[in-house]
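>>> what follows is a protein structure lacking sequence information:
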């Protein structure tokens, strides 16, 4: 059972070191963390998100993963009509120049964070969102424009 004071985050990266770093930073910032890592991190995350209850408030999602890259995972969730309207998604990538942040924001409402990431960078992203969630208890699917725009307007990456 999740505690209301500790929002849930999902970290998805095929690299164990990156996964550990991001998870440690989130835990230090007051989050409960579930992680999917390794070669099958993308498909594992898709399976997790299809049945998540509750849905995580934050997903840190690597773009370059074997079997299921981050944007492809988002496309599959969208095609399956998975409601992630109360979930902030941040694509984490070492190849940000290959992505179009404007397209990602328009298509999926996600932000992009360049690798390598540091503990401080992850905490800078996660802490304002945790504070926001502590003051606004949302149910998955609840319409709240502030929650839907938080990744774009509340965090400067």
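Great, that's in hand. Just so it is clear, the model here is predicted, and its values are computed rather than measured.
>>> what are the phi and psi values at the residue nearest to residue 61 when sequence neighbours are not counted?
Once flanking residues are discounted, residue 61 sits nearest to residue 70: 4.3 Å by Cβ to Cβ, 6 or more residues apart in numbering. C-beta coordinates here come from the backbone N, C-alpha and C atoms, glycine included. Torsion angles at residue 70 (phi, psi; degrees, to the nearest 10) stand at phi -50, psi -50.
>>> which residues does residue 70 contact?
Neighbouring residues of residue 70 by Cβ atoms under 8 Å, 6 or more residues apart in numbering: 12, 42, 61-64, 91-93.
>>> so what pLDDT did it get?
We have a pLDDT of 91 for residue 70.
>>> list the contacts for the residue lying closest to residue 38 once chain neighbours are set aside?
Using Cβ to Cβ, 6+ apart and skipping residues adjacent in sequence, the residue nearest residue 38 is residue 14, 6.1 Å away. By Cβ under 8 Å, 6+ apart, the contact set of residue 14 is 37-39, 41-42, 62, 64-66.
>>> need the residues you listed in a markdown table with distance to residue 24, pLDDT and secondary structure, can you?
Shown next, in a markdown table, are the contacts of residue 14 (distance: Cβ to Cβ, whole Å; pLDDT from 0 to 100; DSSP: H, G, I helix; E, B strand; the rest coil):
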| residue | distance to residue 24 | pLDDT | secondary structure |
| --- | --- | --- | --- |
| 37 | 13 | 96 | strand |
| 38 | 18 | 96 | coil |
| 39 | 22 | 95 | coil |
| 41 | 17 | 97 | helix |
| 42 | 22 | 96 | helix |
| 62 | 16 | 92 | strand |
| 64 | 21 | 91 | coil |
| 65 | 20 | 93 | coil |
| 66 | 24 | 94 | coil |
